[in-house]
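Participant: Could you look at this predicted model? Sequence included:
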Amino acid sequence: MSDAFNTPVSVDPRLLEVLVCPVTRGKLTYDRDAGELISAGAKLAYPIREGVPIMLAEEARQID
């Protein structure tokens, strides 16, 4: 989190251009409010902790 109000840390847009889902190798979208990278194909949400995307399937949250 970036400040005392717990606003999510932003992700560098250049990083989003090169990161892919480790499961599907598909494109990810950034959910700023949740602080997650979303893989629609795998239906997984990868957390971002202290500005670092955690790109491990076992750390991801299943989404509907």
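Facilitator: That came through fine.
Participant: what about the strands in the chain?
Facilitator: When secondary structure is read from DSSP state E, the chain shows strands at 29-31, 36-39, 44-49, 52-53, 61-62.
Participant: most tightly surrounded among the ones you listed?
Facilitator: Greatest average neighbour count among those goes to strand 36-39 (a mean of 23), per mean count of other C-beta atoms under 10 Å. No exception for glycine: its C-beta is placed from N, CA and C like everyone else's.
Participant: who touches it?
Facilitator: Outside of strand 36-39, the residues that reach it under the criterion C-beta atoms under 8 Å, 6 or more residues apart in numbering are 11, 16, 19, 21, 23-24, 26, 28-31, 44-48, 53, 55, 60-61, 63.
Participant: For that strand, which strands pair with it and how are they oriented?
Facilitator: Within its sheet, strand 36-39 is paired with strand 29-31 (antiparallel), strand 44-49 (antiparallel), according to DSSP bridges.
Participant: shaky segments in this structure?
Facilitator: Applying pLDDT under 70 to the chain flags residues 1-9.
Participant: Now with 50, please.
Facilitator: Segments of the chain classed as low confidence (criterion: pLDDT under 50) are 1-5, 7.
Participant: on that earlier part again, take the strands paired with strand 36-39 and lay them out in CSV including distance to Leu37.
Facilitator: As requested, the strands paired with strand 36-39 are exported to CSV (distance: least, C-beta to C-beta, whole Å):
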stretch, distance to Leu37
strand 29-31, 6
strand 44-49, 4
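Participant: so who does Pro53 touch?
Facilitator: Listed by C-beta under 8 Å, 6+ apart, the contact partners of Pro53 are 11, 15, 19, 37, 46-47.
Participant: Look up the residues forming beta bridges with the residue most central in space within the chain.
Facilitator: Centrality entry for the chain: nearest residue to the mean C-alpha point is Leu37, 2.0 Å, by C-alpha atoms, centre = their mean. Listed by DSSP bridges, the beta-bridge partners for Leu37 are Tyr30, Tyr46.
Participant: that older thread, which of the contacts of Pro53 sit farthest apart?
Facilitator: Taking C-beta to C-beta as the measure, the contacts of Pro53 reach their widest spread between Leu15 and Pro47, a distance of 14.8 Å.
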